[in-house]
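Novice: I'd like to go over a predicted model; first the sequence, then the structure.
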Amino acid sequence: MIARGFPEGFVWGTATAAYQIEGSVNADGRGVSIWDTFAHTPGRTLLGDTGDVANDHYVRFREDVALMADLGVTGYRFSLSWPRIRPNGRTNEQGLDFYRRLADELLAVGITPFATLYHWDLPQELEDAGGWPARDTAYRFADYASVAHDALGDRVHDWITVNEPWCAAFLGYGSGDHAPGVRDSRAAVRAAHHLLLAHGLAAPILRSGEGRVGAAPNLYAVSPASDAPEDLDAARRVDGLQNRFFLDALLKGSYPVDVLEDLEPFGFDEAIQPGDMGVIGGPIDFLGINYYSRHTVSGLPDADGHVATSPFAGASPWPGAEHVAFVHGGRPVTDMGWEIDPEGLHEILTRVAKEYPAVPLYITENGAAYPDELVDGECADPERVAYLEGHLRACHDAISDGVPLKGYFAWSFMDNFEWGWGYGKRFGLVHVDYDTQVRTPKSSARWFGDVARHNGLS
Ligand code: PNW
């Protein structure tokens, strides 16, 4: 019995990103990305893990697509590796061929490809030329988008420009927890603007022909720890930088006035040139939302929490909110220490649909890490099933409330290189043994496949 049916044509997918799964970092003319450099710098990732081999997906992609088809999903969100496609600014047909083969393999089994252009693997030579804090990088991104669209536009129609620009800017250039490991708030705010500009420059290119385009910011529900004015102000700042900054820019073509004020000391306004906001706020076909958790924040000096940090060890990735403490909201947490809050997803979806009407939405990432183990060749992960079910109920509630949600991509198809955490965190629906590369669907994979096949929750 399907108690909660989803709309016809709802896309049920899983998601991954190139550097997290592909490996084969020296194959077929691939260049070097900032994540290669970062992961190979001692002390940057847990245990020194790198994506050199990762899930060997570059070699095993056919097996992986067959497994997806087996589960019964209808969509797959993957990312293109910029340094495979445009090493040193030249087009590399061998790199494009890999994605042609991958897309063909997906289409042959009836899975719709959703391709992300930027999931954090900036070519190292562009970083050496200034990286995202340099405006020119946005124009180089548009060149890359054009090459990708020319080569793949006959088979890929759904494009995501940038994945989680907050992370790329503020963990990459602010706290230094992500590549390229820079700790400079002034650089980070410039990077944020240029990532959005890159999106805006690429969007019309990707929309030509049959293309549809969106971006995928990571949004959080945000609550003040109390009604104290300091806590309300902390929530305003964090909600401003995490959510409204990206939503307003992408969907209204402006930055929120209060966030502009918060970022003024970092020279943010100097990065904005006439015409930029029109480019950034140009037409898109959908918005992708990556949702994991809620932030509960306090601006009181003695709040029961730590001073604003990323989940890792760097400086603050919150310019204008360095004094804010992230406190525990009292909910159960996943292996990342992130609180589980499906109601926050409902809150985000209804808010986005109300404040930015008329844009179709996808959940482009949602999922949970748990320390899954194989026991007698099986992997039971009831906590992940509960996480997914809770969040899918929230999606269903939102659709009932009129939210135009068109699809849901679970993060992740399989366990993979979890950035600064290396292979120490497992987000997959499919378990990966990194010694043998054996894939084993966890119970959540079977469960999710059933939901996809029935187009609803029972
Ligand atoms: C996202 N944070 O990363 C990414 O899009 C994925 O590649 C990643 O594997 C997944 O979520 C799980 O982490 C994030 O510190 C990394 O707020 C860090 C944060 C958020 C998202």
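Specialist: The structure has been received and is ready for your questions.

Novice: only C-alpha atoms from now on, for both contacts and neighbour counts.
Specialist: Will do.

Novice: for this protein, longest strand please?
Specialist: The strand that spans the most residues within the chain, counting by DSSP state E, is strand 287-298.

Novice: and it, which strands flank it?
Specialist: Here strand 287-298 has these sheet partners by DSSP bridges: strand 218-224 (parallel), strand 325-327 (antiparallel), strand 361-365 (parallel).

Novice: any idea how far the second one is from the chain center?
Specialist: Meaning strand 325-327. 23 Å (C-alpha atoms, centre = their mean, to the nearest Å).

Novice: kindly report the same for the first one.
Specialist: Centroid separation between strand 218-224 and its chain, computed with C-alpha atoms, centre = their mean, is 15 Å.

Novice: just the mean pLDDT for it, thanks.
Specialist: Averaged over strand 218-224, pLDDT sits at 98.

Novice: which parts of the stretch 201-350 of the chain are helices?
Specialist: 229-239, 245-252, 257-263, 268-271, 276-280, 342-355 (DSSP state H, counting those that start in this stretch).

Novice: what's the second one in contact with?
Specialist: Spelled out, it's helix 245-252. Helix 245-252 is contacted from outside by 196, 217, 254-256, 259, 277, 280-282, 356, using C-alpha atoms under 8 Å, 6 or more residues apart in numbering.

Novice: before we move on, what about the last one?
Specialist: For helix 342-355, the external contacting residues (C-alpha under 8 Å, 6+ apart) are 219-221, 291, 293-294, 359, 387, 390-391, 394-395, 397-398, 401, 403-404.

Novice: these: which ones sit near the ligand?
Specialist: Residues of the contacts of helix 342-355 in contact with the ligand (C-alpha under 6 Å from any ligand atom): none.

Novice: what's around R101, how many residues?
Specialist: 13 (other C-alpha atoms under 10 Å).

Novice: F417 is in contact with G51, isn't it?
Specialist: Yes - the pair F417 / G51 is scored as a contact, 6.4 Å apart, by C-alpha atoms under 8 Å.

Novice: find the residues that touch each one of those two.
Specialist: 19-21.

Novice: can you put those residues in JSON lines and add secondary structure and distance to F427?
Specialist: Shown next, in JSON lines, are those (DSSP: H, G, I helix; E, B strand; the rest coil; distance: C-alpha to C-alpha, whole Å):
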{"residue": "Y19", "secondary structure": "helix", "distance to F427": "15"}
{"residue": "Q20", "secondary structure": "helix", "distance to F427": "11"}
{"residue": "I21", "secondary structure": "helix", "distance to F427": "12"}
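
Novice: for the closest residue to the ligand within the stretch 351-458 of the chain, give me its contacts.
Specialist: Residue nearest to the ligand within the stretch 351-458 of the chain: E418 (5.1 Å; C-alpha to the nearest ligand atom). Applying C-alpha under 8 Å, 6+ apart, we find E418 in contact with 20, 424-426.

Novice: can you mark which positions in stretch 267-284 are buried?
Specialist: By neighbour count with 16 or more other C-alpha atoms under 10 Å, stretch 267-284 contains the buried residues 268, 271, 276-284.

Novice: how long is it end to end?
Specialist: Terminal residues of stretch 267-284 are spaced 28 Å apart (C-alpha to C-alpha, to the nearest Å).

Novice: which residues does the spatially closest residue to N243 that is not a sequence neighbour bridge with?
Specialist: Once flanking residues are discounted, N243 sits nearest to L219: 5.4 Å by C-alpha to C-alpha, 6 or more residues apart in numbering. Using DSSP bridges, the bridge partners assigned to L219 are Y291.

Novice: then G75?
Specialist: Bridge pairing for G75 - DSSP bridges - gives G13, T112.

Novice: from what I see, it and F114 are in contact.
Specialist: Yes - G75 is within contact range of F114, at 7.2 Å (criterion: C-alpha under 8 Å).

Novice: what about the strands in the stretch 301-450 of the chain?
Specialist: 305-307, 325-327, 361-365, 405-411, 430-433, 438-441 (DSSP state E, counting those that start in this stretch).

Novice: by mean pLDDT, flag the weakest helix or strand of this structure.
Specialist: strand 305-307 (a mean of 49; mean pLDDT, DSSP states H and E).

Novice: count of neighbours near V430?
Specialist: The number of residues packed near V430 is 25, by other C-alpha under 10 Å.

Novice: wait, isn't it in contact with A410?
Specialist: No - contact criterion C-alpha under 8 Å: V430 and A410 do not qualify, at 11.3 Å.

Novice: will you turn the contacts of helix 245-252 into JSON lines that also has distance to the ligand?
Specialist: As requested, those are arranged in JSON lines below (distance: C-alpha to the nearest ligand atom, whole Å):
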{"residue": "L196", "distance to the ligand": "16"}
{"residue": "P217", "distance to the ligand": "9"}
{"residue": "S254", "distance to the ligand": "24"}
{"residue": "Y255", "distance to the ligand": "21"}
{"residue": "P256", "distance to the ligand": "21"}
{"residue": "V259", "distance to the ligand": "19"}
{"residue": "M277", "distance to the ligand": "25"}
{"residue": "I280", "distance to the ligand": "21"}
{"residue": "G281", "distance to the ligand": "22"}
{"residue": "G282", "distance to the ligand": "23"}
{"residue": "Y356", "distance to the ligand": "23"}
